[in-house]
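Enquirer: Here is my input; please provide its structure:
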Amino acid sequence: MSAAAVESTNGDWRDHLIDDAAGIRRVLNETHRIAVLGIKVEASGAPAFYVPEYTQQAGFEIVPVPVYYPEATEILGEKVYRAVSEIPGEIDMVNVFRRAHHIPAHVDDIIRKRPKSVWFQLGIRNDEAAERLARAGIDVIQDRCLMVELSHIGK
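Expert: Residues are numbered from 1 along each chain as shown. Sure thing, here's the model as predicted:
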């Protein structure tokens, strides 16, 4: 493969790394069903509960994928799944509430499901995982709060 072809290919995957207002707005407008990886239960009072709760109240379908809470079968009134790839039907976005160093363990599972986008919450950045997802054709947003961005577009 020529250097120009490699550069062209590399440029294509970088288009899936979204970090501007227009790109975020596009991703959110294309999103209806969100798997929440690392969701917590209500009693925790953590962003990994109240952000998905806000998102659900804004009209999005939430599919809980907790990492902990093996006894939980339902969160936010929705059936719990143990892996993103086990969720039946299409998923538009995977909203990730995992520490950056834990994300690589989930990348293959996420790629198997083929969501349109993956959103790493505020404070979460893993460039290697983002690159793998982007190379698979999945849009990636890093280090942003979904709740804040939804409020910016009036949801």
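Enquirer: In this structure, where is pLDDT below threshold?
Expert: For the chain, residues meeting the criterion pLDDT under 70 lie at 1-11.
Enquirer: which residues of the chain fall in strands?
Expert: Secondary structure of the chain (DSSP state E): strands at 33-37, 61-65, 74-75, 78-79, 93-96, 117-120, 139-141.
Enquirer: Show which residues not belonging to the third one make contact with it.
Expert: What it means is strand 74-75. For strand 74-75, the external contacting residues (CB atoms under 8 Å, 6 or more residues apart in numbering) are Ile39, Val41, Glu42, Phe49, Pro64, Pro66, Tyr69, Val80. C-betas here are computed from N, CA, C, even on glycine.
Enquirer: mind listing the helices for the protein?
Expert: Here the chain has its helices, by DSSP state H, at 3-14, 21-29, 47-57, 104-113, 127-135, 146-152.
Enquirer: still on that earlier bit, mind checking the strands of the chain for the one nearest to Met147?
Expert: strand 93-96 (10.0 Å; CB to CB).
Enquirer: That closest one: partners in the sheet, and parallel or antiparallel?
Expert: strand 33-37 (parallel), strand 117-120 (parallel) (DSSP bridges).
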